[in-house]
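> A structural model of the following input is requested.
(one chain, ligands or ions: 1)
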Amino acid sequence: MRIEEILYTQGFGTRRVCAGLVQQGLVRVAGKVVADASDDVPVDGLRFTVQGTEWAYHEKAYLMLHKPAGTECSQKPSTYPSIYTLLPSPLRLRPNKGAVQGVQAIGRLDQDTTGLLLLTDDGQFIHRMGSPKHHVPKVYEVSAKHPLDDAQVAKLLAGVVLDDDPKPVRAAACEIVGPLHLRLTLTEGKYHQVKRMLAAVGNRVEALHRSRIGALALPADLAPGQWRWLGAQQVEALRSARPGQPAEGLDR
Ligand code: URA
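So this is what the prediction gives:
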């Protein structure tokens with residue numbers, strides 16, 4: 001692919017800006033300055049630098065972010081900084097069908113929720129992960145205000161009614177990890193679902209952290225605010241996950 005086209009698809013600006021970056025000698029492949037914006041470069045496994053910053057070519061972007069507390073999963077946040085400010089600008093500027101769109105979060109977490117969030121520029125993947133047929137188990141670590149007991153667990157597993165829907169919602173799995181620590185697995189994602197489910201059994205969420213989505217666990221060495229590319233195997237495991245499949249496997 002022509003280097004100017006590579007830079008454009010990866011979010012380095014308009015085609016004209018990308019050609020300019022090359023002409024100014026700011027783009028290097030394998031340590032060598034690329035001489036001409038129309039130079040052909042193989043994209044498979046390609047790494048390049050733009051103004052000294054290293055970048056890896058990805059036809060589609062799939063990434064995980066460790067969402068910190070006090071951030072909103074919105075492009076136009078109302079109160080807290082947007083999670084998108086945690087990403088480098090090429091991820092926010094990747095074009096999609098000719099328009100600048102960047103990566104989008106797959107679902108949302110509340111501003112005070114921390115943990116694993118997936119982002120991509122693959123519209124079909126977003127659709128698939130959100131489809132009712134494909135509900136991937138999501139594991140939440142709940143810090144509860146009041147002591148947890150077996151009666152609360154039984155109710156969460158049997159199903160509780162939330163105010164906006166007479167159909168009960170149930171936890172796919174629920175385990176008391178400590179006196180105030182509950183591990184809850186959900187296969188759907190209603191608004192404030194964990195908080196409302198805990199309220200429905202007479203408890204209250206003090207802090208909420210998502211530790212896993214399907215086979216993918218939040219890596220222990222990914223600090224709050226940091227992001228990482230997903231590998232092809234991780235993407236495939238998420239794409240082909242089925243509800244009820246054990247949430248084990250590819251942690252990294
Ligand atoms: N459930 C909630 O209540 N909040 C979240 O952020 C995610 C699930």
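> neighbours of Val153, just the number please.
Residues near Val153, counting by other Cβ atoms under 10 Å, number 18. Quick note: C-beta positions are derived from backbone N, CA and C, even for glycine.
> what lines up beside the lowest-mean-pLDDT helix or strand in the chain in the sheet?
Using mean pLDDT, DSSP states H and E, strand 99-100 stands out as the lowest-scoring helix or strand of the chain, at a mean of 82. Paired neighbours of strand 99-100 in the sheet (DSSP bridges): strand 95-96 (antiparallel).
> thought Leu148 was touching Leu182?
Yes - using Cβ atoms under 8 Å, Leu148 is in contact with Leu182, at 5.4 Å.
> Touching both of these two, which residues are there?
Residues touching both Leu148 and Leu182 (Cβ atoms under 8 Å, 6 or more residues apart in numbering): Ile176.
> And the helices in the stretch 51-200 of the chain?
89-93, 123-130, 150-158, 193-200 (DSSP state H, counting those that start in this stretch).
> counting contacts, what elements does the first one pack onto?
Contact partners of helix 89-93 among helices and strands, from 3 or more Cβ pairs under 8 Å, 6 or more residues apart in numbering; DSSP states H and E: none.
> Highest mean neighbour count out of the helices of the stretch 51-200 of the chain?
Highest mean neighbour count among the helices of the stretch 51-200 of the chain (mean count of other Cβ atoms under 10 Å): helix 193-200, with a mean of 20.
> Now do the buried residues in the helix or strand just after that one.
Per DSSP states H and E, helix 193-200 leads on to strand 205-213 as the next helix or strand towards the C-terminus. Residues of strand 205-213 classed as buried: 205, 208-210, 212-213 (neighbour count, 16 or more other Cβ atoms under 10 Å).
> Which one of these is nearest to Pro166?
Relative to Pro166, the closest of the buried residues of strand 205-213 is Val205; by Cβ to Cβ it sits at 22.9 Å.
> beta partners of the closest one?
With DSSP bridges as the rule, Val205 is bridged to Ala144.
> so it makes contact with Glu141?
No - using Cβ under 8 Å, Val205 is not in contact with Glu141; the gap is 10.6 Å.
> which residues are there in the protein that come within reach of the ligand?
109-110, 113, 192-195, 208 (Cβ under 6 Å from any ligand atom).
> Centroid-nearest residue for this protein?
Nearest residue to the geometric centre of the chain (Cα atoms, centre = their mean): Leu118, 1.2 Å.
> can you tell me which residues contact that one?
62-65, 105-107, 129, 213, 216, 230, 238.
> swap in Gly202?
146, 152.
> and it, backbone torsions?
Dihedral pair for Gly202: phi 80, psi 20, per degrees, to the nearest 10.
> burial measure for Ala69, as a count.
Ala69, neighbours per other Cβ under 10 Å, totals 16.
> Check the one 3 residues further on too.
The burial count assigned to Glu72 is 19, neighbours taken as other Cβ under 10 Å.
> Check the one 3 residues further on too.
A count of neighbours around Gln75, defined by other Cβ under 10 Å, yields 13.
> With the one 4 residues further on instead?
Neighbour count for Thr79, taken as other Cβ under 10 Å: 7.
> Now Asp165: closest residue in space, sequence neighbours ignored.
Lys190 (7.6 Å; Cβ to Cβ, 6 or more residues apart in numbering).
> Many thanks, we can stop here.
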